[in-house]
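**Q** build me a model:
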Amino acid sequence: MFRNRILLLAAPGLICLMANPAFAVSKEMIQLQTQVQTLSDQVARLQQSVDERMGVMRNLVEQSADSVNKMSSTVNQLQQKLSAESGENAQKLDQVSSQVQSLHDTVDELKSRLAKMSKQLDDMQNGGQNLAAGQPAPPIGGASPGSTGAPAAAAAPPADALYNNALRDYNAGKYDLSSQEFNDYLKYYSNTDLAGNAQYYVADIEYRQGNFDAAVRDYDKVLEQYPSGQKAAAAQLKKGYSLLELGQKDAGVRELNSLIQRYPRSIEASQARDRLRRLGVTTGSATTTTKKPH
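**A** A predicted model of the protein is given here:
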């Protein structure tokens, strides 16, 4: 009986002793689960942050791609615009060059007329001195007394009037009439200072009318008969253009390169460089051996 009572009294203590290890293990498990849950929450938050940042970066990349595409489109539009403007500018440059050449011709004609007037004044002055000395004055122009002059010269219009009329009709676009007048000038006054200019305009009218074969031949006459004239550079430039129009690219490129070498600082050389650039040809290059101009 007593032993049973002792066992009954000891039983609660044993139960407590047996329960303590289980209680300790359960507490550690709870702490471990708490830590795992905390880490899981941190990983989830980190994943969310990464996803958000990736989304932002993706948006930035897409915006950058759109910007690059827009810039590329803008650059292409600018390139097309520049190409169109380059062609227009080249045409305008040709027109301005032609106008400048016409102005040069007008100035040269005025100089020639002033020189003639100066000579006439000198003749008149000499005539006055001869009259004062009791001698007959020679006729103005240097003709001897009693001479009638050559019939052809008498029938020809005055040189300055004929040239000015031809130049005026050229600038007005009356090419057929102007060509006839310039040819008349060459017929009667082929040895004057403006003969090379007249020959150039004959060729240039053919160029403007699309008769490029004839233009090449007449530009060659300027280069051969008037190599030191004012129109030599312009004639070589337009000869190169005519050859290009005829499909003779190699010959045209050679002519333009030759012009650049002979007149490197001229307006015509700038035009030749621009034309070669538009052809995709480097200045100074040619597919065949460069031919020296006449």
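**Q** show me the shaky parts of the stretch 51-200 of the chain.
**A** 72, 76, 79-80, 82-120, 122-123, 125-154 (pLDDT under 70).
**Q** helices of that one, start to end?
**A** 151-155, 159-171, 175-188, 195-208 (DSSP state H, counting those that start in this stretch).
**Q** what segments of the stretch 51-200 of the chain are strands?
**A** With DSSP state E, counting those that start in this stretch as the definition, the stretch 51-200 of the chain shows no strands.
**Q** neighbours around the closest residue to residue 235 other than its chain neighbours, how many?
**A** In space, and not counting its chain neighbours, residue 235 is closest to residue 222: 3.8 Å by CB to CB, 6 or more residues apart in numbering. The C-beta positions use only the backbone N, C-alpha and C, and glycine is treated the same way. Neighbours of residue 222 under the rule other CB atoms under 10 Å: 28.
**Q** give the contact list for residue 222.
**A** For residue 222, the contacting residues are 196, 199, 200, 203, 229, 231, 232, 235, by CB atoms under 8 Å, 6 or more residues apart in numbering.
**Q** just those now: which is nearest residue 181?
**A** Nearest to residue 181 out of the contacts of residue 222 is residue 199 (CB to CB; 12.9 Å).
**Q** and the helices of the stretch 51-200 of the chain: which comes nearest residue 48?
**A** Closest to residue 48 of those is helix 195-208 (CB to CB; 76.7 Å).
**Q** now residue 168: how far from residue 227?
**A** 28 Å (CB to CB, to the nearest Å).
**Q** which one's more surrounded, those two?
**A** Just comparing residue 168 and residue 227: by other CB under 10 Å the higher neighbour count belongs to residue 168, 15 against 12.
**Q** who touches residue 272 in this structure?
**A** 237, 240, 256, 257, 259, 260.
**Q** I misspoke; the intended subject was residue 183.
**A** By CB under 8 Å, 6+ apart, the neighbours of residue 183 are residue 202.
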